[in-house]
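Novice: Starting from these lines, generate the structure:
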Amino acid sequence: MKIVIIGGTGLIGTKTTERLRKQGHEVIAAAPNTGVNTITGEGLKEALAGAEVVIDLANSPSFEDKAVMEFFEISGRNLLAAGKAAGVKHHIALSVVGTERLQDAGYFRAKLAQEKLIKASGIPYTIVHSTQFMEFLPAIAKSGAVGEAVHLSPAYVQPIASDDVADAMANVALAAPINGTIEISGPERVRMSELVARYLKASGDPRKVVTDPEALYFGARLNDNSLVSDNDPGLGHISFEQWFATAARK
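Specialist: Predicted coordinates:
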């Protein structure tokens with residue numbers, strides 16, 4: 001089966017491509033650096049010719065409100081139009097648990113706009129809502145940095161390792177479209193401030209985490225339900241400690 005992965009050279013894309021190729025599928029790892037650009041349309045028609053499945057893992061290079069909305073709307077429209085013309089049978093997109101609850105933040109507004117385009121496209125689809133990747137912990141710490149402290153919300157998170165995300169995306173690619181949304185999470189529910197403190201300590205970073213209920217998460221105020229799923233999510237197997245032990249060796 002021919003599968004096209006948009007964002008196929010990124011973190012999740014590279015791992016998903018590897019898994020599907022090992023199972024004998026023809027996988028196109030599509031990205032601007034491989035000649036496929038969903039913003040300009042360059043290479044889209046050629047890449048999607050004969051494809052049965054498209055997995056959209058592309059992410060905006062900017063999280064600024066206007067830029068991120070333009071990225072997901074333009075990219076989404078171009079990709080869905082090309083997919084429809086090519087007769088794609090299953091369109092899959094990776095999104096974020098809590099997207100509909102965090103509309104104060106421009107990134108989540110843009111992801112919701114992307115999801116609405118997919119649902120209205122007429123192409124059979126599956127949307128995968130994932131909790132935050134463990135690989136995103138440094139960026140979360142950076143977002144809350146104030147001098148020598150890191151101010152973060154005590155809201156619950158349930159981060160998932162990228163290897164577990166890639167396993168899930170590969171499985172969805174080989175399953176029938178559900179015309180709906182599934183959710184995936186990591187194995188441990190923990191408060192964001194506590195988890196980042198563990199990460200900084202394990203990394204030898206001397207900064208202290210300040211628990212601040214008013215701290216914003218990329219523009220959105222969080223509560224204990226914002227970033228976690230109670231909708232029977234598929235659970236990853238890799239714990240924070242297992243992930244960090246591997247990440248520290250790289």
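
Novice: switch to C-alpha atoms for all contacts and neighbour counts from now on
Specialist: Fine.

Novice: where in this protein is pLDDT low?
Specialist: Where the chain drops to pLDDT under 70, the residues are 248-250.

Novice: Okay, strands next: where are they in it?
Specialist: Taking DSSP state E, the strands of the chain run over residues 2-6, 26-30, 53-56, 90-96, 125-130, 145-146, 149-152, 156-157, 180-185, 190-191, 208-211, 216-217, 220-221, 234-235.

Novice: Export those to a markdown table and append columns for mean neighbour count and distance to residue 168.
Specialist: Formatted as a markdown table, the strands of the chain follow (neighbours: other CA atoms under 10 Å; distance: least, CA to CA, whole Å):
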| stretch | mean neighbour count | distance to residue 168 |
| --- | --- | --- |
| strand 2-6 | 24 | 14 |
| strand 26-30 | 21 | 16 |
| strand 53-56 | 25 | 12 |
| strand 90-96 | 23 | 10 |
| strand 125-130 | 24 | 9 |
| strand 145-146 | 14 | 32 |
| strand 149-152 | 22 | 29 |
| strand 156-157 | 22 | 19 |
| strand 180-185 | 20 | 8 |
| strand 190-191 | 17 | 22 |
| strand 208-211 | 19 | 32 |
| strand 216-217 | 16 | 26 |
| strand 220-221 | 17 | 27 |
| strand 234-235 | 16 | 8 |
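
Novice: Tabulate the ones you listed (CSV), appending distance to residue 43.
Specialist: Shown next, in CSV, are the strands of the chain (distance: least, CA to CA, whole Å):
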stretch, distance to residue 43
strand 2-6, 11
strand 26-30, 9
strand 53-56, 14
strand 90-96, 18
strand 125-130, 22
strand 145-146, 40
strand 149-152, 42
strand 156-157, 38
strand 180-185, 29
strand 190-191, 43
strand 208-211, 46
strand 216-217, 36
strand 220-221, 36
strand 234-235, 34
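
Novice: Any buried residues in whichever helix in the chain runs longest, and which?
Specialist: Scanning the chain for the longest helix, with DSSP state H as the assignment, gives helix 65-86. Residues of helix 65-86 classed as buried by neighbour count (16 or more other CA atoms under 10 Å): 68-69, 71-80, 82-83, 86.

Novice: name the helices or strands packed onto that helix?
Specialist: helix 44-48, helix 106-120 (3 or more CA pairs under 8 Å, 6 or more residues apart in numbering; DSSP states H and E).
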